[in-house]
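Trainee: Have a look at this prediction, sequence included:
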Amino acid sequence: MDYIAGCKISDVKYLRDNGFSLKDINVKLFEMFGHQIFESGFVHADPHAGNILVRRDDDGKTQLVLLDHGLYQRLKTKDMVALSHMWKAIVLQDHAKMKYYAKELGVEDYVVLAEILTQAPLRMHQFKLKVRLSEEDLKHIAEIARTRFDAIMKTLRVVPTSLLLVIR
């Protein structure tokens with residue numbers, strides 16, 4: 001156990017005031033978790049803002065520090081591959097592939113799985129990952145949770161258990 005100096009990744013004011021690039025931090029964050037989920041399969045399962053610090057390394061470059069290594073999940077290669085294809089299909093709005101890769105993960109209702117993964121509505125016409133959901137999106141998600149609770153629970157029961165902490 002070491003003391004690690006840095007600021008919470010959520011302290012946007014401090015980061016901006018100290019010349020950190022939020023875009024660079026965002027890219028590093030996606031790369032860090034993308035590597036874990038889609039390459040190594042060894043995933044930190046408690047990634048909240050208090051467990052991710054930002055600091056400068058000895059060369060003055062931005063560095064992310066991941067803390068609290070008490071909870072990890074090992075993903076099976078077949079699940080990592082199916083999940084990576086599922087994400088790609090979601091981004092490309094390829095419903096046939098979403099359906100196929102959801103089945104590879106043991107899930108029949110690919111729309112529910114896509115909405116669980118993205119925590120956003122999957123519209124049949126256009127999908128965009130957003131920093132913040134609109135009021136309409138929030139209402140849609142609340143309505144799905146209310147009316148499709150059984151489908152959500154069924155999906156969570158059949159998805160590979162190793163993915164549950166990743167989804168979290």
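Mentor: Nice, thanks for sending it over.
Trainee: Let me see the domain layout of the protein.
Mentor: Structural domains assigned to the chain are 7-74, 77-167, following automatic domain parsing.
Trainee: can you list those domains in CSV and add mean pLDDT?
Mentor: As requested, the domains of the chain are exported to CSV (pLDDT from 0 to 100):
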stretch, mean pLDDT
domain 7-74, 91
domain 77-167, 85
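Trainee: Take these and write them to a markdown table, including mean neighbour count.
Mentor: In short, each C-beta sits where N, CA and C put it, glycine included. Output for these, formatted as a markdown table (neighbours: other Cβ atoms under 10 Å):
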| stretch | mean neighbour count |
| --- | --- |
| domain 7-74 | 14 |
| domain 77-167 | 15 |
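Trainee: Dihedrals phi and psi, Lys8?
Mentor: phi -60, psi 140 (degrees, to the nearest 10).
Trainee: list the contacts for it?
Mentor: Ala49, Gly50, Ile52, Leu53, Val54 (Cβ atoms under 8 Å, 6 or more residues apart in numbering).
Trainee: mind redoing it with 10 Å?
Mentor: By Cβ atoms under 10 Å, 6 or more residues apart in numbering, the residues touching Lys8 are Tyr14, Leu15, His48, Ala49, Gly50, Asn51, Ile52, Leu53, Val54.
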